[in-house]
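Enquirer: have a look at this prediction, sequence included:
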Amino acid sequence: MVRGKIEIKKIENVTSRQVTFSKRRSGLFKKAHELSILCDAQVAAIIFSQKGRLYEFASSDIKKTIKRYSEYKREYFGAESHPIEQYVQGLKKEMVAMVKKIEVLEVHNRKLMGQSLAFCSVKELQDIANQIEKSLHIVRLTKAKLYEDELKKLKAKEGELKDERVRLCGRVGEMSMGMPSGSKEKEDVETDLSIGFSKSRP
């Protein structure tokens with residue numbers, strides 16, 4: 001006889017529900033037992049009935065299995081359970097790494113300044129000297145470039161001033177050529193102002 005497919009939903013009849021629970025629970029524990037033997041797996045199953053009664057199966061000590069599960073969950077799923085804590089821990093690690101980098105840079109900077117060289121080897125001192133020479137070469141090149149740019153600006157300014165001078169000289173020449181002929185005579189007229197009586201007056 002072929003069994004029909006059972007619709008997966010809550011069984012409303014209490015008696016049928018209890019019978020199905022008992023059969024399915026036994027079948028589940030049987031499958032768990034077979035899985036543990038066939039595959040040499042550590043299996044544990046915990047079931048609470050609707051009334052709160054506990055049913056359990058374990059291929060070994062269930063307490064050890066639960067402890068192992070807790071440790072596994074904390075190790076592999078702790079990040080999902082505590083994202084804020086993980087973020088803070090990440091910041092702390094990053095901060096420690098940054099502090100170490102800063103300390104290394106400070107030591108290196110002191111050596112470049114000629115300090116804390118007592119415990120340096122000959123090779124370290126040679127490397128420091130080479131680095132200083134390279135840095136000095138870069139500084140000199142940059143300085144020469146700045147001087148060159150400044151000189152170009154001054155020459156351009158000089159050219160502008162010359163052009164302005166030529167323009168002003170031309171403008172002054174135009175003004176002198178356009179001056180009326182009587183202007184010179186007017187300039188020669190006596191413009192002294194006398195206060196009081198004239199000497200020619202009797």
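Expert: Perfect, thanks for sending it. Numbers count the residues shown, from 1 in each chain.
Enquirer: list the buried residues in the host helix or strand of residue 109.
Expert: Taking DSSP states H and E as the criterion, residue 109 maps to helix 83-112. The neighbour-count check on helix 83-112 (16 or more other C-beta atoms under 10 Å) flags residue 111 as buried. For glycine as for every other residue, the C-beta is placed from the backbone atoms N, C-alpha and C.
Enquirer: list the helices and strands that helix packs on?
Expert: In terms of contacts (3 or more C-beta pairs under 8 Å, 6 or more residues apart in numbering; DSSP states H and E), helix 83-112 is packed against helix 122-177.
Enquirer: show the average pLDDT along the helix it packs on.
Expert: Helix 122-177 shows an average pLDDT of 88 in the prediction.
Enquirer: list the helices and strands it packs on?
Expert: helix 83-112.
Enquirer: could you check the angle the helix it packs on makes with helix 122-177?
Expert: Interaxial angle of helix 83-112 relative to helix 122-177 (axes from the mean of the first three to the mean of the last three C-alpha atoms, to 10 degrees): 80 degrees.
Enquirer: could you chop this protein up by domain?
Expert: According to automatic domain parsing, the chain is divided into the following domains: 14-76, 83-119, 121-173.
Enquirer: want to throw those into TSV with distance to residue 6?
Expert: Output for the domains of the chain, formatted as TSV (distance: least, C-beta to C-beta, whole Å):
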stretch	distance to residue 6
domain 14-76	9
domain 83-119	41
domain 121-173	80
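Enquirer: tell me which residue lies nearest the centroid of this structure.
Expert: residue 94 (12.8 Å; C-alpha atoms, centre = their mean).
Enquirer: can you give me the distance of it to residue 164?
Expert: 61 Å (C-beta to C-beta, to the nearest Å).
Enquirer: for residue 69, same thing?
Expert: Distance from residue 69 to residue 164, by C-beta to C-beta: 90 Å.
Enquirer: likewise for residue 127?
Expert: On the measure of C-beta to C-beta, residue 127 and residue 164 end up 56 Å apart.
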